[in-house]
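Visitor: sequence and predicted structure, then a few things I'm wondering about:
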Amino acid sequence: MPPLAAVLALASAVIAIPIIDRRALTPTVKINSGTIKGKFSSDYTVASFFNIPYAVPPVGNLRFRPPQPPAAFSGVYDATKMGNSCMQGPAPQFYGGVNQNNSEDCLNLNVFVPTEGLKAGAKLPVVVYIYGGSFNDGYNNLPIYDGANVIKAQPLFGRSIIVVPNYRTNIFGFATSNELLAEGGVNVGLLDQKAVFEWVRNNIGNFGGDPDKVTAWGESAGAINIATHMVSGDVTKPLFDRAVLESGAVFAFANIPSLTQPAFDALVAAVGCSGKTPVLDCLRKVPAQKLFDSAAAAGVSYLPAVDGKYVKQQPQVALSKGQIYKIPAILLDNNDEGTFFTTSVTDETSLTALEKSFSFLGDAGVAKAQQIYPLSKYPSAFAAAADFYGDAVFKCPERLLAKTLTAAGQPVFKGRFSVLPTVVLPAGKDFFPKLGVYHTAEMPFVWSFQQTINQSNGEKAFSRKMISAFSDFFGGRTPGSSVGISWPTFGTAGKRIVWQLTNNGAVETLDAAFNARCDFWDQADLAFSTAINA
């Protein structure tokens, strides 16, 4: 066997690995007067840097407050171990082990860099991933969010830097009340993300990234967050340059205190803060776990909110005016988006209850929805509910965003994900198989999460092709161009491709029935958001 030095020299020659410290095999990056120490993957193709703070820990008096810039550091910062997750409940085990250590001290990000990015003068495309979780949970240490897997699956000529931050969710990040609004404490989870994008613009060049080629990538609530940024702040100065949105776009409405105050007041009473002045100072003294549990019991709801500063108007209203980032986008949804959320609908009574839970529709709107989604048309109440929910929350908002960006002269690449996963982890075996191509079904494929990719039926090659298409887009190329897929723009005809194992990349046009359903949701969403925007 040749000596280790010879092996390393050969490896460097073959794949151009810039070994920063050949003795310790340690990648380092300098930021200001400090040095960040990460670690290489076992094959030395990716350098990972974990738990980098992008803001001061939002603890004590900083609870419910916007993120503050992190303290400067000098010397060596050890970025070889995962950081904390933000406060939330136990994570589902659908996509890997927990890796969870909940704390309010959680505003950290993980950076995954192809080793060629560590060369002097490198300017690789950058991707910032905003996780989903219904604005209630999610964290960057979930095993599926290992950016090294994505990088290894990317084509050698098209690799990107992957950044995965934490941001505050639930009561700590997305609560809305008069008290929070007065103090500037709504949308702090959204402002955490804004701080991440600003950190990336300012620092990613030190990691070999191009600060002028940043893609925001998100799924579900993460996609809704990104779409909210796109209609907020100064739309002439985008936080990012491209967007990839999976299963989500601009939500029907943003929260306002009149919608959320009763539940917030119930929380205040439950933790013994009624009558205390200021009430937020009292809430800041409540132990984090107790506050989280009490908020869940009180039914506090979580969404971005109109705050008059960053989200200055209802997002749907901004969208209707064309006030949006003028950037290219990939928009992807799954065949059966609604099934994940409607498993409790088993009969006509529960279907009606679901429809009425969309209270912003009003009685007339619910009646119209029942005509558009007649139970007689479906094999079951569950199937009707899945279409109703999937259209309302995911598919139709994506269509509206696609139309708006197209009208603004931007290329939109629309896709439908149609691969029925054949491998699920034990936690999902009693849940996923009955849901069709469910919400999140695409996640293992775009993240190269091999634990839930079938290694023998073509799914592995399909995953690499999908990641290659996304990588084309990250790098400013037409998505799919590197793998022989002709992905047309959405255009006025409403074209999209179908991601499937056979006949992959087939082009279809949105059908008249789907467009009619989405017209209903577009009108209902805009009418309600306009009314509460006044």
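Guide: Received the coordinates, thanks. Numbering: from 1, shown residues only.

Visitor: do you know how far Gly428 is from Tyr438?
Guide: 9 Å (C-beta to C-beta, to the nearest Å). In this view, the C-beta of every residue, glycine as well, is placed from N, C-alpha and C.

Visitor: what about those two, which has more around it?
Guide: Legend: neighbour count by other C-beta atoms under 10 Å for Gly428 and Tyr438, higher for Tyr438 (24 against 19).

Visitor: next one, pLDDT for the more buried one please.
Guide: Note on Tyr438: pLDDT of 97.

Visitor: for Asn141, helix, strand, or coil?
Guide: At Asn141 the chain is in coil, as set by DSSP: H, G, I helix; E, B strand; the rest coil.

Visitor: who's in contact with Ile226?
Guide: Applying C-beta atoms under 8 Å, 6 or more residues apart in numbering, one finds that Ile226 lies in contact with 130, 216-218, 240, 243, 245.

Visitor: now Asn225: phi and psi?
Guide: phi -60, psi -50 (degrees, to the nearest 10).

Visitor: brain fart, Ala243
Guide: Dihedral angles (degrees, to the nearest 10) for Ala243: phi -140, psi 140.

Visitor: and the gap between the closest residue to it other than its chain neighbours and Ala297?
Guide: Nearest residue to Ala243 in three dimensions, chain neighbours excluded: Ala329, at 4.5 Å (C-beta to C-beta, 6 or more residues apart in numbering). With distances taken as C-beta to C-beta, Ala329 is found 38 Å from Ala297.

Visitor: scan the protein for its longest helix.
Guide: helix 512-533 (DSSP state H).

Visitor: list the residues that contact the nearest residue to Gly428 once chain neighbours are set aside.
Guide: For Gly428, ignoring the flanking residues on the chain, the nearest one in space by C-beta to C-beta, 6+ apart is Phe94 at 4.8 Å. Shown in contact with Phe94 (C-beta under 8 Å, 6+ apart): 424-425, 427-428, 432, 440.

Visitor: may I see the buried residues of the one helix or strand Leu181 maps to?
Guide: Here Leu181, judged by DSSP states H and E, is contained in helix 178-183. For helix 178-183, the neighbour count (16 or more other C-beta atoms under 10 Å) marks 178-181 as buried.

Visitor: who's in contact with it?
Guide: For helix 178-183, with C-beta under 8 Å, 6+ apart as the criterion, the contacting residues are 64-65, 185-186, 257, 261, 264, 278-280, 305, 307-308.

Visitor: how about a cut-off of 6 Å?
Guide: Applying C-beta atoms under 6 Å, 6 or more residues apart in numbering, the contact partners of helix 178-183 are 186, 257, 279-280.

Visitor: with Ser134 as the reference, measure out to the closest residue to Phe251 other than its chain neighbours.
Guide: Leaving aside its sequence neighbours, Phe251 sits nearest to Ile224 (C-beta to C-beta, 6+ apart; 5.2 Å). Using C-beta to C-beta, Ile224 is found at 10 Å from Ser134.

Visitor: ok, back up a step: ok, and the residue nearest to Gly428, which helix or strand is that part of?
Guide: Going by DSSP H and E, Phe94 is not in any helix or strand.
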